[in-house]
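>>> Structure, please.
(chains A and B)
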Amino acid sequence: MRLSRYFMPTLREAPADAQIVSHQLMLRAGLIRQEAAGIYAWLPLGLKVLKKIEQVVREEMNRAGAVEILMPTLQLADLWRESGRYDAYGDEMLRIKDRHDRDLLYGPTAEEVVTDIFRSYIKSYKDLPKNLYNIQWKFRDERRPRFGVMRGREFLMKDAYSFDVDEAAARKSYNRMFLAYLNVYARLGLKAIPVKADPGPIGGDMSHEFMILADTGESEVFAHRDLVEMGAPGPDVDWEGDLEPEVARRTSLYSASDEMHDAARFDAMPEDKRMTARGIEVGHIFYFGEKYSKPMKAHVTGPDGKDVPVHMGSYGVGVSRLVAAIIEASHDEAGIVWPQVVAPFGAAVLNLRAGDAGCDAACEQAYKALADAGLDPLYDDRDERPGAKFAAIDLVGIPQQLIIGPKGLADGVVELKTRATGERQTLPLDAALKAVIG
RNA sequence: CGGAGUGUGGCUCAGUCUGGUAGAGCACCGCGUUCGGGACGCGGGGGUCGCAGGUUCAAAUCCUGCCACUCCGACCA
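Numbers count the residues shown, from 1 in each chain, chains lettered A, B, ... in the order given. Model prediction:
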C-alpha cells in the first residue's frame, strides 16, 4: 500500500478524552474514531489489526475442534423469555422494536440463539460433543463505558458454546477451550495466565478468566511464577486425548485476581515463586450445565433411550478489547510496537526523499520485493520530511522498517530498523531485503 | 445509577470571573527556501463558541432548560 493513497489519519497530540495509553495511541495512530460513548468506527489500520487477531482466534478455535457459525446481532425477545433472561438482564440489554411492534434486542451474548440452533438439529448423544462459535459484534449498554475499546458498549467477541451429554464430557470440552485460549494469547505475543473466576450459581471449579499481563492493567493478579513461565501448550496438543493433566498442571498452581485472592495461600508459597502483577481480562470461560438447556428444552436422547438436557459451557474472548490489550502490553514513547502476527503491515519502506530518482527507484524495487514476498508492505511515498515519516511509522508500529535515503544510497546502502528493539543495520538493499524476507 | 467536570475551526487549548468586531500553536492550501527523527519565511482558507429559550442597545461570556462527552465509585468480554 502506498501511503499517499491510503487513509491513515495520525494525530500529533492525543485527544483529551483519552486517559489510558492504548486509547491515546489508538486515536493517534488512526485505528479508531469514536462515534458515541463506547461506540467506535474502525479505520483501515485498526480494522486490519482487528481482522488479524480475529484470524488467530479462529484458527485456534478450529484446531481445538470448534465449528464456526455466524449468529445475528439482532435477536428475538421471545427466545430470551424462554430462558428467563429477558427480564433478568436489565438495562445493559439494548431493547428494540421492529415495525410490527415485535420485541427485539441487540445481542449482548448468544446462549439463547445457539441453544435454539442446537436443539433444532441435534437429537442424539451420538452427535456430541459439539462446540459452535461465532465472532460477532455484541452490545452491552454499560453504565459507564470507558478506556476506548477496552470497555466499549459495542464490542467484537468470539463466543463459543459447548454441548455435551453430561458433566464429565463437558469437562473435556472445557479443558479444550482452556488450553486453546492459552495458545491464542501466546500466538498474539501476550503473557496470559488463567485465574479462577466466580463460577456463579452452578458452583464447581469450572470457571476461569484469562488475564494478560501489562503494567497498566486494570486489576491486580497474584500468581505462582511457574504458571507464567510455563506458557502455552502449543499447537501439538492431542485435542482428542486426555487434556486433564495438562490443565491440572496449571490449575494446581496458585493464581487469582484481587477479588478472589487468598492471601494465606499466596503467602504460603516460596517467596521467589510469588508474583504480583497488573492484568487485563481478555477471556472468560465457564461451565453452566443445564441452565439454558433445561428451560429451552435442548435435549438429546442418551444411550439408555431417555432424553436429557445437554450440559453446556460458554467461552468468550474480547477480540476488540485485545487490540487495546496488546497495545497496553506493547508500546513505548514513540508509539505502538505491534507483534509481527497482528501488525497492520508487515514491513514499511520509507522514502526519505520522494521525487529523487535514485530514492524512488530503490524504494519501488524494495516495495515490489516485499509485496511479492507476501509481507504486505506500507510504502511511505509522501512528499514529507524524514522526521515526519519516522514519527508516523513508529507511531503506528510497523515491525520492520526499510529506510531509504539519498545519503545511504550514495554509499550503496539502506537502513533496516526493527521497531521492537530499535536496532538498526546499515547494509546494501539486496541484503536488507533478504534480511526482512528471510 | 451516585458524585465531579468539560463542551470555542480537524487536534491541543486561551478568552468566560469583570458582556463590547472570535484568538494562538499544530494540521490544511499557495509560493519560496529546505530535507536522516514531526523545519522555516511570506501569504491564505476554515469556527452562527454543544442545542434551545431568556436578560440586555449588545451574549462564547450572565440566567434557565436540555443534550453530548469525560473522570471517580458500584458492575463487566
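
>>> alpha carbons only for contacts and neighbour counts from here, please
Will do.

>>> The lengthiest strand in chain A pairs with which strands, and in what direction?
For chain A, the longest strand by residue count, based on DSSP state E, is strand A:274-289. Strand A:274-289 pairs in its sheet with strand A:207-213 (antiparallel), strand A:219-224 (antiparallel), strand A:311-318 (antiparallel), by DSSP bridges.

>>> How far off centre is the first one?
In this view, strand A:207-213 has its centroid 13 Å away from the chain centroid, taken as Cα atoms, centre = their mean, to the nearest Å.

>>> per-residue confidence averaged over it?
Averaging pLDDT along strand A:207-213 gives 94.

>>> Same question for that strand: list its buried residues.
Going by neighbour count (16 or more other Cα atoms under 10 Å), the buried part of strand A:207-213 is A:207, A:208, A:209, A:210, A:211, A:212, A:213.

>>> The fourth one reaches residue A:281, doesn't it?
Yes. Taking Cα atoms under 8 Å as the definition, residue A:210 is a contact partner of residue A:281 at 5.7 Å.

>>> what about the stretch 201-350 of chain A, any weak spots by pLDDT?
The stretch 201-350 of chain A contains residues with pLDDT under 70 at A:201.

>>> can you rerun that using 50?
Low-confidence segments of the stretch 201-350 of chain A, defined by pLDDT under 50, are absent.

>>> To residue A:409, which of the strands paired with strand A:274-289 lies closest?
Closest approach to residue A:409 among those (Cα to Cα): strand A:207-213, 42.7 Å.

>>> Output the strands paired with strand A:274-289 in TSV; the columns should cover distance to RNA strand B.
TSV is the format used below for the strands paired with strand A:274-289 (distance: least, Cα to the nearest atom of the strand, whole Å):
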stretch	distance to RNA strand B
strand A:207-213	7
strand A:219-224	8
strand A:311-318	3
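
>>> packing partners for the helix or strand hosting residue A:22?
Per DSSP states H and E: residue A:22 is located in helix A:21-28. Packed against helix A:21-28 by the contact rule (3 or more Cα pairs under 8 Å, 6 or more residues apart in numbering; DSSP states H and E) you find helix A:319-329.

>>> just how off-centre is the helix it packs on within its chain?
Helix A:319-329 has its C-alpha centroid displaced from the chain centroid by 7 Å (Cα atoms, centre = their mean).

>>> Please put the alpha-carbon coordinates of it into CSV.
The C-alpha trace of helix A:319-329 is given here as CSV (Å, rounded to 0.1, in the frame of the first residue of the first chain):
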residue,chain,number,x,y,z
VAL,A,319,-11.5,-9.6,20.3
SER,A,320,-11.8,-5.8,20.1
ARG,A,321,-10.5,-5.5,23.6
LEU,A,322,-7.5,-7.5,22.6
VAL,A,323,-6.4,-4.7,20.2
ALA,A,324,-6.2,-2.4,23.2
ALA,A,325,-4.7,-5.0,25.5
ILE,A,326,-1.9,-5.8,23.1
ILE,A,327,-1.1,-2.1,22.9
GLU,A,328,-1.1,-1.8,26.7
ALA,A,329,1.4,-4.7,26.8
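
>>> Could you look up the next helix or strand downstream of that helix?
Using DSSP H and E, the next helix or strand after helix A:319-329 towards the C-terminus is strand A:331-332.

>>> Any chance you could list what contacts that next one?
For strand A:331-332, contacts defined as Cα atoms under 8 Å, 6 or more residues apart in numbering pick out A:337, A:338.

>>> can you do 7 Å?
Contact with strand A:331-332 is made by residue A:337, as judged by Cα atoms under 7 Å, 6 or more residues apart in numbering.

>>> helix or strand right after it?
Immediately after strand A:331-332, counting by DSSP H and E, sits strand A:335-336.

>>> Look up how far RNA strand B lies from residue A:283.
According to Cα to the nearest atom of the strand, to the nearest Å, residue A:283 stands 4 Å off from RNA strand B.

>>> can you tell me which residues contact that residue?
By Cα under 7 Å, 6+ apart, residue A:283 lies in contact with A:209, A:210, A:316, A:317, A:318.

>>> Helices along the stretch 151-300 of chain A, start to end?
A:167-187, A:225-230, A:244-251, A:263-267 (DSSP state H, counting those that start in this stretch).

>>> Let me have these in TSV, extended by distance to residue A:294 and mean neighbour count.
Converted to TSV, these look like this (distance: least, Cα to Cα, whole Å; neighbours: other Cα atoms under 10 Å):
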stretch	distance to residue A:294	mean neighbour count
helix A:167-187	14	22
helix A:225-230	37	15
helix A:244-251	27	14
helix A:263-267	38	12
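
>>> Show me which residues of the stretch 251-400 of chain A are close to RNA strand B?
By Cα under 7 Å from any atom of the strand, the part of the stretch 251-400 of chain A that sits against RNA strand B consists of A:281-284, A:316-321, A:334, A:352-353, A:384-392, A:394-395.

>>> List only buried entries from those residues.
Among those, the ones that count as buried by 16+ other Cα under 10 Å are A:281-284, A:316-321, A:334, A:352-353, A:386, A:389-390, A:392, A:394-395.

>>> Show me how chain A divides into domains.
Domain ranges of chain A: A:3-335, A:345-437, per automatic domain parsing.

>>> got the residue ranges for the strands in the stretch 1-150 of chain A?
Ranges of strands within the stretch 1-150 of chain A are A:32-36, A:39-42, A:67-68, A:74-76, A:94-97, A:103-106, A:130-139, based on DSSP state E, counting those that start in this stretch.

>>> Packed most tightly, which of those strands would that be?
A comparison of the strands of the stretch 1-150 of chain A by mean neighbour count, using mean count of other Cα atoms under 10 Å, puts strand A:130-139 on top with a mean of 22.

>>> List the strands paired with that strand, with their directions.
With DSSP bridges as the test, strand A:130-139 is paired with strand A:67-68 (parallel), strand A:154-164 (antiparallel).

>>> Hey, what's the angle from the longest one to helix A:167-187? Just curious.
Here the directions of strand A:154-164 and helix A:167-187 differ by 140 degrees (axes from the mean of the first three to the mean of the last three Cα atoms, to 10 degrees).

>>> angle of strand A:154-164 against helix A:319-329?
Using the same axes, to 10 degrees: strand A:154-164 against helix A:319-329 is 110 degrees.

>>> Run through the bridge partners of the spatially closest residue to residue A:197 that is not a sequence neighbour.
Leaving aside its chain neighbours, residue A:197 sits nearest to residue A:208 (4.8 Å; criterion: Cα to Cα, 6 or more residues apart in numbering). Bridge pairing for residue A:208 (DSSP bridges) gives the partners residue A:196, residue A:285.
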